[in-house]
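# How does the following fold in three dimensions:
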Amino acid sequence: MGFIIDRTESLKMAVRLLIYLHLFYLLPTALLSQVSTGTINVEVQDASGAVVPGASITLTHVASGQIRQGLSSERGEFQAFFMPLARHLHGYCGIARL
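Residues are numbered from 1 along each chain as shown. As a prediction, the model looks like this:
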């Protein structure tokens, strides 16, 4: 009878260990999935709706003063990667008037 109790306790201990190991590996993954940056996609168009290639673009993160500058592509597109999440000048509504 003592052998059955020891085996049951060992099984419980093994299950607890597996649970703790899963939590140990899954918790950092959940914490790292919280992002603090994003990508801003810009499409530059003129008043008629035609795209504007080579347009000069400046994005400013108000809180940090971080600035991203560039030119629109031949399709009038521009992407700013890893911008801090927040409100941006001339990008809040996704529309900027020239």
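# The helix or strand Gly70 falls within pairs with which strands, and in what direction?
Using DSSP states H and E, Gly70 falls within strand 67-71. Each strand paired with strand 67-71, and its direction, by DSSP bridges: strand 56-61 (antiparallel).
# which of the residues in the partner strand are buried?
Of all the residues in strand 56-61, those buried under the rule 16 or more other C-beta atoms under 10 Å are Ile57, Leu59, His61. To be clear about C-beta, it is placed using only N, CA and C from the backbone, and glycine gets the same treatment.
# Go ahead and measure how far that strand is from the middle of the chain.
19 Å (C-alpha atoms, centre = their mean, to the nearest Å).
# Format the CA atom coordinates belonging to it as CSV.
Output in CSV follows, covering the C-alpha atoms of strand 56-61 (Å, rounded to 0.1, in the frame of the first residue of the first chain):
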residue,chain,number,x,y,z
SER,A,56,8.4,64.5,-49.6
ILE,A,57,6.8,63.1,-46.4
THR,A,58,7.6,64.0,-42.8
LEU,A,59,6.0,62.1,-39.8
THR,A,60,6.5,63.4,-36.3
HIS,A,61,5.8,61.5,-33.1
